[in-house]
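J.: My questions are about this predicted structure, shown below with the sequence.
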Amino acid sequence: MRRTTWGTERSATPRRGRWSQAEIARLKELYGLRDETAIARELNRPVASVRKMAEQAFQIAARTGPWTAAEVQNLKRYIGGTTPETIARILGRPLEEVQSQIIELRRIQTPKSLSQDELVEFKRLYGTRTDEDLAVIFGRPLEVVMDVAARLRLAKDKAFLRRLAGSPASRMPRWDSEAIEKLRQLYPTTPNLEIARQLQRSVKSVVSKAHNLGLKKEAERLREMGRENVSLRYHRGDAPPEA
């Protein structure tokens with residue numbers, strides 16, 4: 001048994017009973033961005049318990065009327081990651097308003113280049129969203145989304161592609177003590193892709209486990225990665241992003 005980064009005890013047996021405030025806060029943070037099975041695994045709770053608590057945690061009176069800029073931005077976080085029904089529950093909006101707002105976002109497009117902040121978010125989301133959803137999220141034509149992905153040599157996550165194809169997800173082997181120790185040694189200074197190759201796991205699995213263990217990249221390694229990314233973009237002939 002060990003303590004997780006949000007303060008609850010992890011063991012082989014799923015936790016039952018009363019939820020802590022830390023667990024509920026983590027559930028709200030993850031809900032809609034990960035499926036219920038993944039959330040249950042991270043919180044060490046039964047899936048049924050996660051589903052029931054989500055219904056309670058987001059049980060708020062539905063708001064109507066004009067959308068604020070903050071609400072629209074929050075909506076974009078979930079587009080393509082979950083269903084409109086779940087988004088409506090999270091945002092506290094009627095389903096019809098959520099659907100209408102998504103349709104409205106599809107009409108908003110600009111050919112302007114992605115800003116530096118948008119590029120960071122684009123790279124974070126690309127593996128787990130369709131190109132069509134990314135076009136809605138960033139308000140760009142589909143052609144721009146495809147061009148940016150090609151220039152940055154991005155690829156969809158394999159697990160995401162399996163879900164799109166309706167294929168069953170492959171189960172990763174359990175993390176044993178040897179793999180965890182190697183992750184602790186490598187994570188601060190080694191690229192996640194290289195760690196995934198050495199441990200024969202997905203990058204997502206590496207990042208998730210590192211987060212659970214509270215591991216972080218060393219500051220100098222993060223600066224070095226930033227310089228490498230900038231150098232790579234300019235080497236390909238990319239122009240600086242518009243402000």
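T.: Good, I have the coordinates.

J.: And the helices in the chain?
T.: Here the chain has its helices, by DSSP state H, at 21-30, 36-43, 47-57, 69-78, 84-91, 95-107, 116-126, 131-138, 142-152, 158-165, 177-186, 192-199, 203-213, 219-235.

J.: As TSV, those with distance to T13, mean neighbour count and mean pLDDT would be great.
T.: C-betas here are computed from N, CA, C, even on glycine. Formatted as TSV, the helices of the chain follow (distance: least, C-beta to C-beta, whole Å; neighbours: other C-beta atoms under 10 Å; pLDDT from 0 to 100):
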stretch	distance to T13	mean neighbour count	mean pLDDT
helix 21-30	16	16	91
helix 36-43	13	18	90
helix 47-57	13	16	89
helix 69-78	32	15	92
helix 84-91	28	19	90
helix 95-107	37	15	92
helix 116-126	34	15	94
helix 131-138	37	20	94
helix 142-152	42	16	92
helix 158-165	26	13	82
helix 177-186	19	13	91
helix 192-199	26	15	84
helix 203-213	17	18	83
helix 219-235	37	12	58
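
J.: Break the protein down into its structural domains.
T.: The chain resolves into domains spanning 2-57, 109-170, 177-235 when parsed by automatic domain parsing.

J.: Could you check how far the shortest one is from the centre of its chain?
T.: Centroid displacement of domain 2-57 relative to its chain, using C-alpha atoms, centre = their mean, to the nearest Å, is 17 Å.

J.: Adding distance to R63, write the helices of the chain out as JSON lines.
T.: What follows is the helices of the chain, written out as JSON lines (distance: least, C-beta to C-beta, whole Å):
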{"stretch": "helix 21-30", "distance to R63": "17"}
{"stretch": "helix 36-43", "distance to R63": "25"}
{"stretch": "helix 47-57", "distance to R63": "17"}
{"stretch": "helix 69-78", "distance to R63": "9"}
{"stretch": "helix 84-91", "distance to R63": "8"}
{"stretch": "helix 95-107", "distance to R63": "9"}
{"stretch": "helix 116-126", "distance to R63": "26"}
{"stretch": "helix 131-138", "distance to R63": "22"}
{"stretch": "helix 142-152", "distance to R63": "31"}
{"stretch": "helix 158-165", "distance to R63": "31"}
{"stretch": "helix 177-186", "distance to R63": "43"}
{"stretch": "helix 192-199", "distance to R63": "39"}
{"stretch": "helix 203-213", "distance to R63": "32"}
{"stretch": "helix 219-235", "distance to R63": "39"}
